[in-house]
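> When you get a sec, could you give me coordinates for this:
(one chain, ligands or ions: 2)
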Amino acid sequence: MRRIVVNRTPSLHGAITVPGSKNSSLALLAAACLADEPVVLHGIPRISDIEIFFRIAADIGAVIHRDENDAVYIDPRNIHSASIDPINAGAFRTAYYFAGALLAKFGKVSVGYPGGDDFVSRPIDQHVKALEAMGASFANYTDYYEVEASELRGADIYFDTITSGGTINAMLAASRARGRTILRNAARDPEVVDTANMLIQMGARIRGAGTDMIRIEGVPYLVGCQYTAIPDRLIAGSFLIAAGATGGVVTVKDVIPEHLDSCLAKLSEIGLQVETSESTVTVIGDGKLKATRVRTGMYPGFPTDLQQPLTALLTQASGRSLIADRVYPKRFHHAAQLSRMGANIEVRSGVATIKGGAPLRGAAVHASDVRAGICLLIAGLVADGTTTIAGVQHIERGYENIVSSFQALGASVCEETFTSEDWLEAAGKE
Ligand SMILES: CC(=O)N[C@H]1[C@@H](OP(=O)(O)OP(=O)(O)OC[C@H]2O[C@@H](n3ccc(=O)[nH]c3=O)[C@H](O)[C@@H]2O)O[C@H](CO)[C@@H](O)[C@@H]1O
Ligand SMILES: C=C(OP(=O)(O)O)C(=O)O
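Ligands and ions are numbered 1, 2, ... in the order given. Sure, this is the predicted structure:
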């Protein structure tokens, strides 16, 4: 087994180039499967979720490879099957995009149930609602579900809750459905807009992405294109939060600062100096952090994916902070781990109350999901002594070269392998 070892680091300093967005890339790769010609994608990160996608795509017949310049080439013309292996599907979140992407071509798709981070409840009823409105029917089996539609028809769909994945999936299906689809109460996330922009380059007729009403006129053929994924706003936000927690100065480069608006507003409120240029953001911390209240929401609200890293920062802010996760009220597995490190944090009904300022101490902790891992890494940087983080595979779902990226900013962090006896011994010492 592997773990990340973090030692207290006085402050992070330096600049980091932000890779392409995981959440966009997963949607763009699915959109490429919808095309009738080869597609070339740039900015696709080297993370485990993408590797799983590659595996599935190759499995169903797509030609897919990454060249020496990091461009990802996908030729969907030889896709011969719309049966997605349930084990691969369950190893990440967005296997459900294969339903939206392959239904029009194959009339029937079978997919394993979605995996990804476990926040207790992550329903996909809105995906089902949207595809059913377009004429699909669903059948559920123990390990997989089947979606079937002899023909996909445009429909007027109102999402009962704002869902980024549901909006993208419906957009994929509607791009090749017969007639017009209207998506109401659609998600406005940058990843939705990114997917729409790529589909438009492929010849799809989509208007309104980025607003809560998207209109799609289905087309029978989608051409190939070259497209670059947007930078990962969540990775950018994590490094800026880490700078703030350690009282350092970090610049994230190649970002779209507007995508970080809610995060930057919060960091300013907390007392950090934020400087932006057209494609960079710098956070300057002086170690003085003010407690705050945060409520997550769908874009442009404060992202739930930055809630966990921010929690680590707020353990260092004197006073009482409140974090309410309205998107995933049970996304607080990291709180118990922070408590092991000495944080004064209590979670009730989807709200974490943090009494900041208590010194943290290194401990053996476990990352239950991708952002919990970053939260614990940040906590490890400000804790006395050594923190060891297990569950590295979760972090690798979303962050490429996490250890070397933090090392480049001066963090005392490394990766090591360990045995379960080592783990029990470390846990026993606390
Ligand atoms: C791969 C990917 O892009 N993952 C992101 C995406 O996940 P994902 O697309 O799965 O999340 P959604 O945007 O769909 O979820 C938003 C909210 O809607 C609810 N919901 C969603 C679908 C549905 O059919 N029914 C329903 O009730 C969810 O429980 C959640 O409360 O957006 C989340 C919310 O910003 C992020 O945390 C994830 O990092
Ligand atoms: C929740 C996340 O990912 P996923 O939806 O892929 O599980 C995340 O990236 O924080």
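> per-residue pLDDT, G166?
G166 is assigned a pLDDT of 98 by the prediction.
> For it, which residues are in contact?
I124, Q126, H127, A130, F159, A187 (CB atoms under 8 Å, 6 or more residues apart in numbering). Glycine gets a C-beta too; all of them are placed from N, C-alpha and C.
> quick one: which of these sit in helices?
Q126, H127, A130 (DSSP state H).
> Select, from the contacts of G166, the two members most distant in space.
Spanning the widest gap among the contacts of G166 are I124 and A187, at 14.1 Å by CB to CB.
> Which of those two has more residues huddled nearby?
A187 (23 against 18; other CB atoms under 10 Å).
> State the pLDDT value of the more buried one.
98.
> so it touches T161, yeah?
No: here A187 does not reach T161: they are 9.6 Å apart, not a contact under CB atoms under 8 Å.
> Can you name the residues bridging to V72?
L41, R66 (DSSP bridges).
> V283: what secondary structure?
strand (DSSP: H, G, I helix; E, B strand; the rest coil).
> Quick one: residues contacting it.
L240, A243, G244, V249, V250, L267, L272, Q273, V274.
> And these, which of them are buried?
L240, A243, G244, V249, V250, L267, L272, V274 (16 or more other CB atoms under 10 Å).
> Can you name the residues of this structure that neighbour ligand 1?
23, 26, 93-94, 122-127, 161, 163-166, 187, 304-305, 327-328 (CB under 6 Å from any ligand atom).
> Just those residues: which are in helices?
Per DSSP H, those map to helices at N23, L26, D125, Q126, H127, S164, G165, G166, T304, D305.
> For those residues, give me TSV that also has distance to ligand 2.
Formatted as TSV, these follow (distance: CB to the nearest ligand atom, whole Å):
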residue	distance to ligand 2
N23	6
L26	7
D125	16
Q126	15
H127	13
S164	9
G165	7
G166	12
T304	8
D305	4
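> out of these, what pair is the most spread apart?
Every pair of those checked by CB to CB; the farthest is D125 and D305, at 21.5 Å.
> between those two, which one's more packed in?
Between D125 and D305, counting by other CB under 10 Å, D305 is the more crowded of the two (26 against 11).
> re earlier: and the two most separated of the contacts of V283?
V249 and L267 (12.9 Å).
> For A139, give me phi and psi.
Note on A139: its backbone torsions stand at phi -130, psi 130 [degrees, to the nearest 10].
> Would you state the strands of the stretch 201-350 of the chain in chain order?
205-207, 213-217, 226-228, 249-253, 273-276, 280-284, 293-295, 319-324, 344-348 (DSSP state E, counting those that start in this stretch).
> Figure out how far the first one is from the centre of its chain.
On the basis of CA atoms, centre = their mean, to the nearest Å, strand 205-207 sits 25 Å off its chain's mean C-alpha point.
> I'd like to know which elements that strand is packed against.
The elements that strand 205-207 packs onto, with contact taken as 3 or more CB pairs under 8 Å, 6 or more residues apart in numbering; DSSP states H and E, are helix 164-175, helix 190-201, strand 213-217.
> Just name the most buried of those.
Ranked by mean neighbour count, the helices and strands packed on strand 205-207 are led by helix 164-175 with a mean of 28 (mean count of other CB atoms under 10 Å).
> Okay, angle between that helix and strand 213-217 too, please.
Relative orientation of helix 164-175 versus strand 213-217 (axes from the mean of the first three to the mean of the last three CA atoms, to 10 degrees): 30 degrees.
> now helix 164-175: how far from the chain's centre is it?
Centre to centre, stretch against its chain (CA atoms, centre = their mean), the figure for helix 164-175 is 17 Å.
> angle of that helix against helix 190-201?
Using the same axes, to 10 degrees: helix 164-175 against helix 190-201 is 10 degrees.
> send the alpha carbons of helix 164-175 over as CSV?
Taking Å, rounded to 0.1, in the frame of the first residue of the first chain, the C-alpha atoms of helix 164-175 are listed here in CSV:
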residue,chain,number,x,y,z
SER,A,164,-24.0,19.2,-13.9
GLY,A,165,-23.7,15.5,-15.0
GLY,A,166,-27.4,15.3,-15.8
THR,A,167,-27.2,18.4,-18.0
ILE,A,168,-24.1,17.1,-19.8
ASN,A,169,-25.7,13.7,-20.4
ALA,A,170,-28.9,15.2,-21.7
MET,A,171,-26.9,17.5,-24.0
LEU,A,172,-25.0,14.6,-25.4
ALA,A,173,-28.1,12.6,-26.2
ALA,A,174,-30.1,15.6,-27.5
SER,A,175,-27.3,16.5,-29.9
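> Now the element after it, going C-ward?
Later in the chain than helix 164-175, the nearest helix or strand by DSSP states H and E is strand 180-184.
> helices or strands up against that next one?
Against strand 180-184 (3+ CB pairs under 8 Å, 6+ apart) you get strand 156-158, helix 164-175, strand 213-217.
> Compile the ones you listed into TSV and extend it with columns for distance to R233.
Rendered in TSV, the data for the helices and strands packed on strand 180-184 read as follows (distance: least, CB to CB, whole Å):
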stretch	distance to R233
strand 156-158	26
helix 164-175	12
strand 213-217	20
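> Let me know which of these is the nearest to A82.
Judging those by CB to CB, what sits closest to A82 is helix 164-175, at 12.8 Å.
> hang on, the earlier thing: make JSON lines out of the contacts of V283 and add pLDDT.
Converted to JSON lines, the contacts of V283 look like this (pLDDT from 0 to 100):
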{"residue": "L240", "pLDDT": "98"}
{"residue": "A243", "pLDDT": "98"}
{"residue": "G244", "pLDDT": "97"}
{"residue": "V249", "pLDDT": "98"}
{"residue": "V250", "pLDDT": "98"}
{"residue": "L267", "pLDDT": "98"}
{"residue": "L272", "pLDDT": "98"}
{"residue": "Q273", "pLDDT": "98"}
{"residue": "V274", "pLDDT": "98"}
